[in-house]
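Q: Below is the sequence, then the predicted model.
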Amino acid sequence: MRVFGVESDGGFTEYEQLPFEVEHEESVLEEWLESNPDGILEDERILIIGRQVRTDLGGAIDLLGVDREGNVVVVELKRDRTPRDVVAQALEYGAFAAPLDVDALESILRAYHDDDSASLADHHRQCFGIGEPEAIAFNKDQRIVIIGQRVTPEIRQTASFLSTKGIRVTCVEFTFFQAVGGGRLLSQEVVVGREHAKPRRLTSERLPVVSEDKFLKSCDEHGKAVFSRILDLARRKSMSVRWGTKGFSVGVDVDGTRVVVCYAYPPGSVYRQSIYTALRDRAGVQKKTSAPAEAVDRLWKSAEATGLFTAAGRDLKCPIDKPFTNDEVDTLVTWCEAVEQVVVEHGPTAGPEQQP
């Protein structure tokens with residue numbers, strides 16, 4: 001494949017393909033993949049929890065990660081090895097990863113980040129934008145990703161066979177290109193894996209959830225003052241409160257559908273002590289109700305107008321890192337009530353049979 005860059009004058013500059021052996025390109029690729037895990041697979045994100053992870057047989061896994069469903073992902077660079085060695089090594093690493101429990105995975109994560117307090121569940125939730133705690137079952141399955149500049153026919157054939165037998169193997173080809181002057185490009189193509197992909201959602205019992213008493217004890221005085229009022233509002237308006245492993249969500253139940261109003265997190269979570277809106281969250285007003293876009297926009301703008309919220313990804317965040325005045329807490333509670341009123345007024349999203 002020939003690759004060209006288009007210059008400002010309309011001329012073309014050809015990029016020359018570089019083999020990985022030049023200038024230790026495989027080391028460069030490993031560092032690039034570690035820093036850009038979204039680029040490992042074409043349409044999936046991976047949370048990297050370890051690099052050069054030592055196994056019980058003396059090997060070292062190039063990169064170890066977790067996907068959104070909690071499956072462990074073993075990423076192995078082909079390097080300068082025979083096809084048989086590449087596949088055997090990848091299977092050995094997959095076998096090592098299979099029995100790892102949450103504590104073992106968290107231990108790898110903590111060593112990787114040099115942080116003895118790092119939480120796998122929190123990092124996973126933050127990486128994949130999971131607002132409300134879900135029943136994620138870590139390491140119920142394993143995935144193997146083999147990466148090379150050229151994935152040989154032997155490796156492709158073996159990987160395809162293993163995939164048909166339930167062992168999820170993906171092969172990805174990465175190629176470096178360099179232009180005169182030093183500019184570089186990197187191409188990526190999944191050559192094995194798409195044809196056997198079987199998306200599935202793995203669930204199990206939830207991790208132990210926090211109680212209201214334990215949650216409030218974990219908060220500072222600023223947080224206690226705000227969260228207590230939010231919980232009082234939920235009780236007064238008969239709104240549902242769901243407790244997760246760290247925090248809680250407040251929701252409105254209408255016609256069998258629960259619509260989240262906000263999420264609350266303590267100081268020890270990756271979100272710090274804060275309240276997150278759920279206006280555009282998949283469990284919130286925009287996705288779960290029939291409220292028009294104008295109503296969602298009004299709620300968004302009214303939240304911003306309070307001066308308490310700042311943008312945070314798809315939604316808004318209210319950090320509780322200072323004392324709130326009574327008026328500020330009242331404003332926050334009033335805003336939550338406004339969300340509840342919109343949910344009740346418009347009801348859940350119409351089902352397919354109700355849609356025109």
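A: Right, received. Where do you want to start?

Q: what comes up buried for stretch 279-288?
A: Of the residues in stretch 279-288, Leu279, Asp281, Ala283, Gly284, Val285, Gln286, Lys288 count as buried by neighbour count, 16 or more other Cβ atoms under 10 Å. For every residue, glycine as well, the C-beta is placed using N, CA and C.

Q: what's the closest of the residues you listed to Ser117?
A: Closest to Ser117 out of the buried residues of stretch 279-288 is Asp281 (26.6 Å), distances taken as Cβ to Cβ.

Q: who's in contact with the residue nearest to the spatial centre of the chain?
A: Taking Cα atoms, centre = their mean, the centroid of the chain lies closest to Phe128, which sits 1.5 Å from it. Neighbouring residues of Phe128 by Cβ atoms under 8 Å, 6 or more residues apart in numbering: Arg45, Leu47, Arg68.

Q: any weak-confidence spans in the protein?
A: 1-11, 13-28, 39, 42-43, 80, 131-135, 178-186, 188, 194-207, 350-356 (pLDDT under 70).

Q: what about the strands in it?
A: Under the criterion DSSP state E, strands of the chain are mapped to 3-6, 12-18, 47-54, 60-66, 72-77, 142-148, 168-179, 184-192, 240-243, 248-254, 257-265, 274-277, 310-312, 315-319.

Q: Turn those into a markdown table, including distance to Ala97 and mean neighbour count.
A: Shown next, in a markdown table, are the strands of the chain (distance: least, Cβ to Cβ, whole Å; neighbours: other Cβ atoms under 10 Å):
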| stretch | distance to Ala97 | mean neighbour count |
| --- | --- | --- |
| strand 3-6 | 35 | 13 |
| strand 12-18 | 31 | 14 |
| strand 47-54 | 9 | 19 |
| strand 60-66 | 7 | 22 |
| strand 72-77 | 5 | 24 |
| strand 142-148 | 5 | 24 |
| strand 168-179 | 12 | 20 |
| strand 184-192 | 19 | 15 |
| strand 240-243 | 31 | 15 |
| strand 248-254 | 32 | 22 |
| strand 257-265 | 30 | 25 |
| strand 274-277 | 33 | 25 |
| strand 310-312 | 33 | 12 |
| strand 315-319 | 34 | 20 |
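
Q: Dump stretch 63-75 to CSV, restricted to CA.
A: Below are the C-alpha coordinates for stretch 63-75, written out as CSV (Å, rounded to 0.1, in the frame of the first residue of the first chain):
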residue,chain,number,x,y,z
LEU,A,63,0.0,-5.0,27.8
LEU,A,64,-2.8,-6.2,30.0
GLY,A,65,-6.2,-4.5,29.9
VAL,A,66,-9.9,-4.8,30.6
ASP,A,67,-12.7,-4.1,28.1
ARG,A,68,-16.1,-2.4,28.9
GLU,A,69,-17.7,-5.8,29.8
GLY,A,70,-14.9,-6.5,32.3
ASN,A,71,-13.2,-9.1,30.1
VAL,A,72,-9.4,-9.3,30.5
VAL,A,73,-7.5,-8.4,27.3
VAL,A,74,-4.0,-9.8,26.7
VAL,A,75,-2.2,-7.6,24.1
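
Q: measure Thr325 to Leu162 for me?
A: According to Cβ to Cβ, to the nearest Å, Thr325 and Leu162 sit 62 Å apart.

Q: between the two, who's got more neighbours?
A: Neighbours were counted for Thr325 and for Leu162 using other Cβ atoms under 10 Å; Leu162 has more, 19 against 9.

Q: Report the contact partners of that one.
A: Leu91, Val169.

Q: what separates Ala98 from Leu91, distance-wise?
A: 11 Å.

Q: Counting neighbours, go ahead and name the busier of those two.
A: The neighbour count for Ala98 versus Leu91, taken as other Cβ under 10 Å, is higher for Leu91 (17 against 12).

Q: how near is that one to Ile146?
A: Going from Leu91 to Ile146 by Cβ to Cβ gives 10 Å.

Q: cool, Lys287 as well?
A: Here the criterion is Cβ to Cβ. By it, Lys287 lies 37 Å from Ile146.

Q: just Pro83 next, same as before
A: Going from Pro83 to Ile146 by Cβ to Cβ gives 10 Å.
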